[in-house]
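>>> kindly generate the corresponding structure for this input.
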Amino acid sequence: MGSSNSSRTIKNNKDLALFMAVKEGSPEAVKILVHCENWKHLRISDTQWTLLHLASWYGHSELCKELILLGADPNAKDAHSETPLHLAVFRKHISTIKILAKYATEKNPTNIKGQTPLDLAEECGSEEIKIIVQEWNLRSATLRSATLNIVDI
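Numbering: from 1, shown residues only. Predicted coordinates for the structure are as follows:
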């Protein structure tokens, strides 16, 4: 699940500049982004991280929000089947977790170790993170259930 057929890895200086701007949390990242073709499918080759994974890892919450609003997939999985939310929880980036929890909709995504973001939250030792992720988990379950009920009608 790490990559799709339409994903592509860094191939040129523009792609590299974009990844570096996201890594640094630079406001310039969004300006560079608009000039990159298919940026939503751009991935780092070894990890299969998207730009949103990268921003999540470094805790750039506002950049995460901007990327999502521009169309980045908050449910995207990397080479280890981890979503950006997995990474933010692991790194204990509370503001980033809050942003991702607002937009991520996949219920209980598991990484290759079978861990969900909630599992990681329970292991991290932060009660605040645990509560945020529990609330997200309940909300995503409710949304999923409501969607299934509408389809059944």
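
>>> and residue 69, how many residues sit next to it?
10 (other CB atoms under 10 Å). Placement of C-beta: from N, CA and C, glycine included.

>>> what's the answer for the one 5 residues further on, then?
Other residues within reach of residue 74 by the criterion other CB under 10 Å amount to 21.

>>> quick check, pLDDT for it.
The pLDDT attached to residue 74 in the predicted structure is 97.

>>> state the distance from the nearest residue to residue 104 once chain neighbours are set aside to residue 12.
Nearest-residue entry for residue 104: residue 74, 4.3 Å, with adjacent residues in sequence omitted and distances by CB to CB, 6 or more residues apart in numbering. Distance of residue 74 to residue 12, computed by CB to CB, to the nearest Å: 26 Å.

>>> okay, now the unreliable bits of the chain?
Residue ranges of the chain with pLDDT under 70: 1-11, 142-153.

>>> where along it do the helices fall?
13-24, 28-33, 51-57, 61-69, 84-91, 94-103, 117-124, 127-152 (DSSP state H).

>>> the first one to helix 61-69, inter-axis angle?
With axes from the mean of the first three to the mean of the last three CA atoms, to 10 degrees applied, the angle from helix 13-24 to helix 61-69 works out at 130 degrees.

>>> in contact with residue 133, which residues?
Residues counted as contacts of residue 133 (CB atoms under 8 Å, 6 or more residues apart in numbering) are 85, 89, 97, 101, 117-118, 120-121.

>>> alright, calling it a day.
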